[in-house]
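Enquirer: 3D, please:
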Amino acid sequence: MTTAWKGHRPLLACSLALAVGATALLGVAAQGSSAAPEHPPAAGPGRGAQASPAAAGRHGTHTMAGTDGLASERDGYRLAPRTGTLSAATPTSLPFTVTGPDGRPVTDFAENQTQRMHLYAIRSDLTGYQHLHPTMAADGTWTADLPALDPGTWRLYTSFTPNSGPHKGTEYVLGSTLTVPGTGGAAQLPAASATAEVDGHTLTVRAEPTAAEAFPLTVTVTGPDGRPVGDLQPYLGSYAHLSAFHEGDLALAHLHPITPVTAGGGGPVLTFYAMLAEPGNWRVFLQFRTAGRLHTAALTLRVP
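Expert: Predicted coordinates for the structure are as follows:
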């Protein structure tokens, strides 16, 4: 990735602190928490997390606990899918619950980015990205309607915030491994690139990523006509949603731009503050909306 941020690192802590309240980020640490790690589909030492801007301003910031989706349980909250196997080549519904410290399904969730539950899924080769919003029945059973998935091992992530009970207001990202039976080879990860194209739009990324250290990342969106886009529409309360998955262990980091939503539309430049806790390749998916249509662009980011 590129280079325009050299010389600005001394200002980063102040910039990040000023961003508090302007950005909605998944990654609030659970103080005093304990996790029950689950073996991810691909082994590796990495952990990925999105720090709050204030925390990210500290040099050498530690990974924020409970936000990377590599544990199925934290602070007594547990992700419990009803099945570990999904059918291949056909759309399917996945029921699951989140049980609380009392062992019962949680039914009271706070809204985060206009939804009470966000669900992400990725295959172990970092293909097939899904970002869905399940529906909940009165008994606390959530149902996610998944499209047809390619055979392989998949990682499921749920992001939620309890609205009552222990650790009320704490954001969690819990994960689970699912299998889609069948045969099919793993796709090769595309090489790192500073640009991506989707539906005629070109996205240009500028960043100097450093593992375990907060860094600014900007995305410039150009339309099919070759002109900078200035009419980005809000999607789930923000102008963009960026999900990044670590190639080593499928750790998740989810970011939103600090760019405020205004009546006149957003773009062409979106600014994020990120912390990717481990070096290596991260597969980045950025979602944005124009003219009522949702676009999902993908690129590979290399963190030294």
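
Enquirer: need the pLDDT of the residue of the chain most remote from its centre.
Expert: Computed with CA atoms, centre = their mean, the residue of the chain farthest from its C-alpha average is D225, at 29.6 Å. pLDDT, D225: 96.

Enquirer: flag the shaky bits of the protein, pLDDT-wise.
Expert: Per-residue confidence for the chain (pLDDT under 70) gives these ranges: 1-66.

Enquirer: let's see that with 50 instead.
Expert: Across the chain, the ranges flagged by pLDDT under 50 are 1-37, 39-65.

Enquirer: quick one: secondary structure of the most centrally placed residue in it?
Expert: For the chain, H254 is the residue whose C-alpha lies nearest the centre (CA atoms, centre = their mean; 2.8 Å). For H254, the assignment made with DSSP: H, G, I helix; E, B strand; the rest coil gives strand.

Enquirer: so it touches A240, yeah?
Expert: No - if you go by CB atoms under 8 Å, H254 and A240 don't touch, sitting 11.3 Å apart. In short, each C-beta sits where N, CA and C put it, glycine included.

Enquirer: before we move on, back to that, bridged to the residue nearest to the centre of the chain, which residues?
Expert: S243 (DSSP bridges).

Enquirer: would you mind measuring from it to T83?
Expert: Between H254 and T83 the computed distance is 25 Å (CB to CB, to the nearest Å).

Enquirer: from E73, how far out is the closest residue to Q115 other than its chain neighbours?
Expert: The shortest distance from Q115 to any non-neighbouring residue, by CB to CB, 6 or more residues apart in numbering, is to H133 (4.8 Å). To E73, H133 is 23 Å away according to CB to CB.

Enquirer: so between the two, which is more surrounded?
Expert: Taking other CB atoms under 10 Å, H133 and E73 do not tie; E73 has more neighbours (18 against 15).

Enquirer: what sits against L270?
Expert: T218, V219, T220, V221, L232, Y239, A240, P257, T259, F288 (CB atoms under 8 Å, 6 or more residues apart in numbering).

Enquirer: looking at those residues, spot the one nearest F272.
Expert: P257 (5.3 Å; CB to CB).

Enquirer: quick one, phi psi at that closest one?
Expert: phi -70, psi 150 (degrees, to the nearest 10).

Enquirer: may I have the beta-bridge partners of the residue lying closest to it once chain neighbours are set aside?
Expert: Leaving aside its sequence neighbours, P257 sits nearest to L270 (CB to CB, 6+ apart; 4.1 Å). In this structure, L270 bridges to V219 when assessed by DSSP bridges.

Enquirer: before we move on, back to that, so what's the residue nearest to Q115 up against?
Expert: With CB under 8 Å, 6+ apart, H133 has these contacts: Q115, M117, H118, L119.

Enquirer: most surrounded residue in those residues?
Expert: That'd be H118 among the contacts of H133, by other CB under 10 Å, with 22 neighbours.

Enquirer: and it, how far from E73?
Expert: In terms of CB to CB, H118 sits 18 Å off from E73.

Enquirer: before we move on, what about Y235?
Expert: Counting by CB to CB - Y235 and E73 are separated by 30 Å.

Enquirer: for T143, same thing?
Expert: 21 Å.

Enquirer: my read is that L299 contacts A196, right?
Expert: Yes - using CB under 8 Å, L299 makes contact with A196 at a distance of 4.1 Å.

Enquirer: surely T143 is in a strand?
Expert: Yes - according to three-state DSSP, T143 belongs to a strand.

Enquirer: ok, it - how many residues close by?
Expert: Per other CB under 10 Å, the neighbour tally for T143 reads 13.

Enquirer: about what we covered before: buried ones among the contacts of L270?
Expert: Buried by 16 or more other CB atoms under 10 Å: T218, V219, T220, V221, L232, Y239, A240, P257, T259, F288, out of those.

Enquirer: if I look at the last one, how far off is V221?
Expert: The span separating F288 from V221 equals 7 Å under the rule CB to CB.

Enquirer: could you name every residue contacting both of the two?
Expert: In contact with both F288 and V221: L232, L270, using CB under 8 Å, 6+ apart.

Enquirer: in stretch 78-93, which residues are buried?
Expert: Here stretch 78-93 shows R78, L79, P81, L86, A88, T92 as buried, counting by 16+ other CB under 10 Å.

Enquirer: return the distance of stretch 261-272 from the chain's centre.
Expert: Centre-to-centre, stretch 261-272 and its host chain are 20 Å apart (CA atoms, centre = their mean, to the nearest Å).

Enquirer: kindly report the same for stretch 233-253.
Expert: On CA atoms, centre = their mean, the centre of stretch 233-253 falls 3 Å from the chain's centre.

Enquirer: could you do stretch 267-277 as well?
Expert: So, by CA atoms, centre = their mean, the centroid of stretch 267-277 is 13 Å from its chain's centroid.
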